[in-house]
Every structure is written in structure tokens, then in C-alpha cells.
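1. model the following, please.
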Amino acid sequence: QLVESGGGLVQPGGSLRLSCEASGVSLDSYRIAWFRQAPGKEREGVSCLDRGGGSALYADSVKGRFSVSTNNAKNTVFLQMNNLKPEDTAVYYCAASYRYEINPNSVAFWGRGTQVTVSS
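-> The predicted model follows:
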């Protein structure tokens, strides 16, 4: 129902743009959140977008470097990641959230994830 794309290998300081596309489901009732999970670590919240109002929340670890947006049809959400650091290496997941917050407990359903590796 949610499909992420755009992950890959990038050097430190580089940029990537992840996409999260809804398929077979309406996102009208949901916000879109991004989470990530690095090997051996717990899942971490990254961002949450209120597509209707356009406002967004960010984790302190990515604030000023990452930004979220949506397309005109509002069925695809983008996570623009700039100035990437090795500690940003993780599997990134988008999720449909019942609430405007970065909280896995508010997630209705998840995408399968896309790998982002930041390394020289």
C-alpha cells in the first residue's frame, strides 16, 4: 500500500530524495511519517507531514537537513535529505499515521522500506 523508493549509496555531504507512493489506498485520513532503523538500533522517528496543511515535524537529528513535501495529487510524499552523514545510514520507512506526530504507535500501516547508505 505504501512503496518507498530512491534509496541508495551516497557519500557524506551528499543528497538523496526518497519517495513514498500510495497504491490502492486513499491517504485522505492519514498523515505521512518517516522512520528509520539502523542495524542493531531501534526504529527512530524522522518526520511527519500533514499533507492538508503542509506543516511538518522533524526529529532534532535531521532538522535543517531533511525536508518533506508532497506532489499536487498528494498521493506521493518526498523526503529530501541533504548534507547526509554516516549516522543517517538506515532502512527508511514511510508510514500512514493517524495523528500528526512522529510516533510509531500512531501508525496505521507501513511501507517495506528502502536502504540508505552514507559512506565514502
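2. contact partners for residue 49?
-> Going by CB atoms under 8 Å, 6 or more residues apart in numbering, residue 49 touches 31, 32, 33, 55, 56, 68, 69, 70, 77. The C-beta positions use only the backbone N, C-alpha and C, and glycine is treated the same way.
3. burial count for the residue nearest to it when sequence neighbours are not counted?
-> Distances taken as CB to CB, 6 or more residues apart in numbering place residue 68 nearest to residue 49, at 4.4 Å, with adjacent residues excluded. Look at residue 68: counted by other CB atoms under 10 Å, it has 25 neighbours.
4. now swap in residue 92 and tell me
-> Neighbour tally, residue 92, other CB under 10 Å: 23.
5. for residue 75, same thing?
-> Residue 75 has 15 nearby residues by other CB under 10 Å.
6. residues contacting residue 20?
-> By CB under 8 Å, 6+ apart, the residues touching residue 20 are 2, 3, 4, 32, 34, 76, 77, 78, 79, 94, 111.
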